[in-house]
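Visitor: Quick one, structure for this:
(one chain, ligands or ions: 1)
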Amino acid sequence: VGAPTMAGTRQVKLDKECELRVEVGADTPLRLRLVTGTAEIFGTELPPEIWLTFPPRLKFAVFTWYGATIEMDGSTETDYTADETPTVSYVNVHAILEGRRNRAKASSTSDPDSSQGPRVIVVGPTDSGKSTLTRMLLSWAAKQGWKPTFVDLDSGQGSITIPGCVAATPIELPIDPVEGIPLDMPLVYFLGHTIPSANTELYKVLVKELSRTIERHFAGNAEARAAGMVINTMGWIEGVGYELLLHAIDTFNANVVLVLGQEKLYSILKDVLKNKPNVDVVKLQKSGGVVSRNAKVRQKDRNYRIREYFYGLTNDLSPHSNIASFSDLFFYRIGGGPQAPRSALPIGAEPVADPTRLVPVNINRDLLHLVLAVSFAKEPDQIISSNIAGFICITDIDIPRKKITYLAPTVGELPSRFLIVGSLTWLET
Ligand code: ADP
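Guide: Below you'll find the model as predicted:
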């Protein structure tokens, strides 16, 4: 593995089916371009000759099918060439999915089963390359002209929006290697916590709502239905995490389960799903290029992700600091609080917290630095089943004057007065 490299321009020649693995340094961006041949980054082709600027800390690989020369300008944390990658096995999966999409498209739209394209779910432990494989499959499909739906159930990191959510969006073009998924108008449900175990029941409810909305969309859109979906999951695969995986497979009616980098999970899923003949469980090798991140790095990544929501990847957005009166906004927490008063329960029974109960939250300084979701709900009782418009971050609470200051992506009134409170925080640094 390469040591930090010196600044300056240098060229790397890649043989066919090899990749250049890069970790951009912590402080300075890296410029890179394709000089000769053809190459792609996680399924998206590089334009010839054009310099691309990769932000600090980004980790990626430039893969070539037929050979290429790459030029880099700037220093990296590490960069090295690998001649062993699982990309061929990944593209073989893509080819099978393509066949299914074509069959779905050719079939009569009146038959909901045969007109349904592949519903792929990618599972595996943390840092097995799930997000990367998901991205490759989506970009390869988009390159062929499909508009597959990307579903992200990883509330810990989040590729579609900030952490603490489950989300979906159609992918209409190969995913930009620098910008990632375009952040315009995804379908987002707010858990409010990065770990689903903070409210497992709510996580399940939101996954269900997400699937219902996609199902409705597929019912009225043959093109989207034929393109199918690719679902990314979280790396928590033991205990409740495993149950949530089964819940996701079931809820989305997944028919292709791709298991990355863990023999045990593969054999368990293969066994559990053997009664479902139309579900294929496929084992895939983890790429040696996947970079492991410890808890601290993950936490940092989450912060960068929230910062990116407000400021853009390259500080190209200008969020606005807004002030509202206490009476303008309504804060709710989902879950917690006793379900029934003790007096209504049989003697000796303890009141249990209802995980999907809507609880009004009093305005106090505990709200400071929390990232809240702005609900699309028209009435409070719709909050749990509603998707969200976006996020704000509370930056000041003035109790005497009854004023709240918050950061929002835009100026002006929020799309709704209903805000969902979780445990997600962000401190601008
Ligand atoms: P998971 O979703 O399983 O947690 P990711 O797909 O997010 O794993 O991969 C972890 C990190 O490794 C990401 O930063 C990703 O960009 C990087 N990565 C994945 N594959 C490669 C590769 N072949 N070369 C370099 N970096 C890679």
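Visitor: Look up how far the ligand lies from Leu97.
Guide: 18 Å (Cβ to the nearest ligand atom, to the nearest Å). To be clear about C-beta, it is placed using only N, CA and C from the backbone, and glycine gets the same treatment.
Visitor: Go ahead and confirm that residue touches Arg119.
Guide: No: using Cβ atoms under 8 Å, Leu97 is not in contact with Arg119, being 10.0 Å away.
Visitor: shared neighbours, the two?
Guide: Listed as contacting both Leu97 and Arg119 by Cβ atoms under 8 Å, 6 or more residues apart in numbering are 228, 256.
Visitor: Enumerate the residues of the stretch 251-400 of the chain near the ligand.
Guide: Counting by Cβ under 6 Å from any ligand atom, the positions of the stretch 251-400 of the chain adjacent to the ligand are 287, 289-291.
Visitor: If we use 8 Å, what do you get?
Guide: For the stretch 251-400 of the chain, the contact set with the ligand under Cβ under 8 Å from any ligand atom comprises 260-261, 287-293.
Visitor: Kindly indicate which of the residues you listed lies nearest the ligand.
Guide: Nearest to the ligand among those is Gly289, at 2.5 Å by Cβ to the nearest ligand atom.
Visitor: tell me which element the spatially closest residue to that closest one that is not a sequence neighbour is part of?
Guide: In space, and not counting its chain neighbours, Gly289 is closest to Arg21: 4.6 Å by Cβ to Cβ, 6 or more residues apart in numbering. For Arg21, the host element (DSSP states H and E) is strand 18-24.
Visitor: Which other helices and strands does the helix or strand just after that strand contact?
Guide: Counting by DSSP H and E, the next helix or strand C-terminal to strand 18-24 is strand 30-37. Contacts defined by 3 or more Cβ pairs under 8 Å, 6 or more residues apart in numbering; DSSP states H and E place strand 30-37 against strand 18-24, strand 52-54, strand 59-64, strand 68-73.
Visitor: any idea how far the shortest one is from the chain center?
Guide: Just to be clear, that refers to strand 52-54. Centroid separation between strand 52-54 and its chain, computed with Cα atoms, centre = their mean, to the nearest Å, is 22 Å.
Visitor: Which of the residues of the stretch 251-400 of the chain next to the ligand are buried, as a ChimeraX select command?
Guide: This is the ChimeraX syntax for the buried subset of those, where burial follows 16 or more other Cβ atoms under 10 Å:
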select :260,261,287,289,290
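Visitor: Not counting its neighbours along the chain, what's nearest Lys378?
Guide: Ser416 (7.7 Å).
Visitor: Contacts only, for that neighbour.
Guide: Neighbouring residues of Ser416 by Cβ under 8 Å, 6+ apart: 374-378, 389.
Visitor: Contacts for the strand ranked longest in the chain next, please.
Guide: Identified as the longest strand of the chain according to DSSP state E is strand 388-398. Residues outside strand 388-398 that contact it (Cβ under 8 Å, 6+ apart) are 162, 165, 188-190, 306, 309-310, 321-322, 363-365, 367-376, 403-409, 414-416, 419-420, 426, 428.
Visitor: what lines up beside it in the sheet?
Guide: Taking DSSP bridges as the criterion, strand 388-398 forms sheet pairs with strand 371-375 (antiparallel), strand 403-408 (antiparallel).
Visitor: ranking these by burial, who's on top?
Guide: Per residue and on average, the most neighbours among the strands paired with strand 388-398 fall to strand 371-375, with a mean of 25 (mean count of other Cβ atoms under 10 Å).
Visitor: Tell me the residues of the stretch 51-200 of the chain that contact the ligand?
Guide: Contact residues, the stretch 51-200 of the chain versus the ligand (Cβ under 8 Å from any ligand atom): 58-61, 63, 82, 85, 124-135, 154, 157.
Visitor: out of those residues, which are inside helices?
Guide: In helices, judged by DSSP state H, the following of those are found: 130-135.
Visitor: Show the buried residues in these.
Guide: Buried members of these, scored by 16+ other Cβ under 10 Å, are 130-135.
Visitor: can you redo those residues as CSV with pLDDT?
Guide: Listed next are those as CSV, based on pLDDT from 0 to 100:
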residue, pLDDT
Lys130, 97
Ser131, 96
Thr132, 97
Leu133, 98
Thr134, 98
Arg135, 98
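Visitor: Tell me which two of these sit farthest apart.
Guide: Lys130 and Arg135 (9.6 Å; Cβ to Cβ).
Visitor: Could you report the neighbour count for the residue nearest to Thr251 when sequence neighbours are not counted?
Guide: Excluding the flanking residues, the one nearest Thr251 by Cβ to Cβ, 6+ apart is Ser211, at 4.8 Å. For Ser211, the tally of surrounding residues (other Cβ atoms under 10 Å) stands at 20.
Visitor: if we can go back for a sec, out of the ones in helices among the residues of the stretch 51-200 of the chain next to the ligand, who's nearest Ile231?
Guide: Nearest to Ile231 among those, counting by Cβ to Cβ, is Thr134 at 7.7 Å.
Visitor: you'd agree the closest one is up against Asn232?
Guide: Yes: Thr134 lies in contact with Asn232 (Cβ under 8 Å); the separation is 4.2 Å.
Visitor: Please enumerate the shared neighbours of these two.
Guide: Common contacts of Thr134 and Asn232 (Cβ under 8 Å, 6+ apart): 122, 150, 159.
Visitor: now the residues you listed in TSV, with secondary structure, distance to Arg298 and pLDDT?
Guide: As requested, these are arranged in TSV below (DSSP: H, G, I helix; E, B strand; the rest coil; distance: Cβ to Cβ, whole Å; pLDDT from 0 to 100):
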residue	secondary structure	distance to Arg298	pLDDT
Val122	strand	19	98
Phe150	strand	21	98
Ser159	coil	14	90
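Visitor: which regions of the stretch 51-200 of the chain sit below the pLDDT cut-off?
Guide: For the stretch 51-200 of the chain, the stretches flagged by pLDDT under 70 are 109, 183.
Visitor: same thing but at 90, please
Guide: Within the stretch 51-200 of the chain, the ranges that satisfy pLDDT under 90 run 75, 108-114, 157-158, 181-185.
Visitor: Quick one: the strands in it, in order.
Guide: 52-54, 59-64, 68-73, 76-82, 119-123, 149-152, 165-170, 187-190 (DSSP state E, counting those that start in this stretch).
Visitor: List the buried residues in the fourth one.
Guide: Residues 76-81 are the ones in strand 76-82 that count as buried (16+ other Cβ under 10 Å).
Visitor: which among these gets closest to Phe330?
Guide: Glu77 (45.5 Å).
Visitor: dump the residue contacts of the closest one.
Guide: Contacts of Glu77 by Cβ under 8 Å, 6+ apart are 4, 23-26.
Visitor: do Ser159 as well
Guide: By Cβ under 8 Å, 6+ apart, the contact set of Ser159 is 131, 134-135, 150, 152, 180-181, 232.
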